[in-house]
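Visitor: Sequence and computational prediction follow.
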2 protein chains.
Amino acid sequence: MLFYDSPNPAPNPRRVRIFAAEKGIELPSREVSIPQREQKAPDYLAKNPRGQTPILELDDGTVIAESVAIMRYLEALHPEPPLFGSTPLEIAQIEMWCRRVEMILMPPVAAVWVHTHAFTAALPGRNTEWGEANRPRVAEALEFFDSSLAQTEYLAGASFTAADILLLTTVDFAKFIGLETSDGLENLSAWHRRVSARESAKA
Amino acid sequence: MLFYDSPNPAPNPRRVRIFAAEKGIELPSREVSIPQREQKAPDYLAKNPRGQTPILELDDGTVIAESVAIMRYLEALHPEPPLFGSTPLEIAQIEMWCRRVEMILMPPVAAVWVHTHAFTAALPGRNTEWGEANRPRVAEALEFFDSSLAQTEYLAGASFTAADILLLTTVDFAKFIGLETSDGLENLSAWHRRVSARESAKA
């Protein structure tokens, strides 16, 4: 298999790198440069018509796109340690928290990025008012995760899971684009130090 | 367990109802009226601080929020027929297609709904320009799914899966809010007839 990767600050490829590091999986990889728009080149679009990284290409040419789909593929091949849960309730709670990161935090962070950041100024269809309106939504989302982390070490409970990987990569991307992510949020800050201290966070 | 449900046209509770029908599971349920904003009442917010339906409350009081998290819980308890896949590749491809529905089609449909529809006129923070800008994105997304369905009976391949449930409920909600969903899209239209003919689609 071959992992088509893009370096930081791209949050989605990093999810897979952290996941693989937690599993002890070495993924043969090829870099796709987003600043050079290699993800929009014809040979890449033939593999993923959405023009996004990462993808995982299997030896028979089958392509798995979408970061979490690749993570689930790796989990199925390498079940230990389980990062998507083992019992029905763990499976459900990890999925719930993964979706909350995707639905509550990721969209406003992406809106600020796409509609207000200097690095995306050339994108068509920018709406500055919409981008600015999402800044307080990022703050509200971070407060929600801060309060959710008041009682537990990790997002879905006592164990580090895929949900923590999604939150870490999103928070770090939010920081990269200049959003304040820790001001007064003690639980979230403590969690961030805890997950960032793991060897996998260097990925 | 008790399923907190909201009737059509709410798309997310319907996902779970279709999923349960495909599995032959009868879910004891209680209706939460969205027009009457019962999902924002204190007793409901105590169960799901996000103020959204559906949720599944277990007998010990544990609450699972997020439609797909509930579907994964039901899949873990009732594995047959598998709707999230069995082999590593099936699991990955179904997740990929679920995410494509969520990331490509659902956000522009939701933006048109929240920012332009008469039924949501009282919501704070509406941005009509942003809502209108999403209409062509809905059309582009539907074209993508139409071309994706050119070679396969169902979204993730030869079998009906959770990804079809997500696409069906999103397309039907898009129709409800007045978006054109089938004009000239023959593969998508044939797929829609196929999945709508299943007994579960009445849910």
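Guide: Cool, the structure landed.
Visitor: Quick check: phi and psi at residue A:55.
Guide: Here is the backbone geometry of residue A:55 (degrees, to the nearest 10): phi -130, psi 160.
Visitor: Would you mind listing what in chain A touches chain B?
Guide: A:49-50, A:58, A:62, A:64-66, A:68-70, A:72-73, A:76-77, A:87-89, A:91-93, A:95-96, A:99-100, A:102-104, A:107, A:125, A:127, A:129-130, A:133, A:144 (CB under 8 Å from any CB of the partner chain). The C-beta positions use only the backbone N, C-alpha and C, and glycine is treated the same way.
Visitor: try 7 Å this time
Guide: Residues of chain A lying close to chain B by CB under 7 Å from any CB of the partner chain are A:62, A:64-66, A:68-70, A:72-73, A:76-77, A:88-89, A:91-93, A:95-96, A:99-100, A:107, A:125, A:127, A:129-130, A:133.
Visitor: give me the number of residues near residue A:11?
Guide: Using other CB atoms under 10 Å in any protein chain shown, residue A:11 has 22 other residues around it.
Visitor: Cross-check the contact I'm expecting between it and residue A:169.
Guide: Yes. Residue A:11 is in contact with residue A:169 according to CB atoms under 7 Å; the separation is 4.2 Å.
Visitor: tell me the SS of the residue nearest to residue A:116 when sequence neighbours are not counted?
Guide: Excluding the flanking residues, the one nearest residue A:116 by CB to CB, 6 or more residues apart in numbering or on different chains is residue A:131, at 3.7 Å. At residue A:131 the chain is in helix, as set by DSSP: H, G, I helix; E, B strand; the rest coil.
Visitor: Contact partners for residue A:131?
Guide: A:111-112, A:115-116 (CB atoms under 7 Å, 6 or more residues apart in numbering or on different chains).
Visitor: Kindly present those as TSV, with separate columns for neighbour count and secondary structure.
Guide: As requested, those are exported to TSV (neighbours: other CB atoms under 10 Å in any protein chain shown; DSSP: H, G, I helix; E, B strand; the rest coil):
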residue	neighbour count	secondary structure
A:111	21	helix
A:112	23	helix
A:115	20	helix
A:116	20	helix
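Visitor: Now tabulate those residues in a markdown table and tack on distance to residue B:45 and pLDDT.
Guide: Formatted as a markdown table, these follow (distance: CB to CB, whole Å; pLDDT from 0 to 100):
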| residue | distance to residue B:45 | pLDDT |
| --- | --- | --- |
| A:111 | 25 | 97 |
| A:112 | 27 | 97 |
| A:115 | 30 | 96 |
| A:116 | 31 | 96 |
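Visitor: Many thanks, have a good one.
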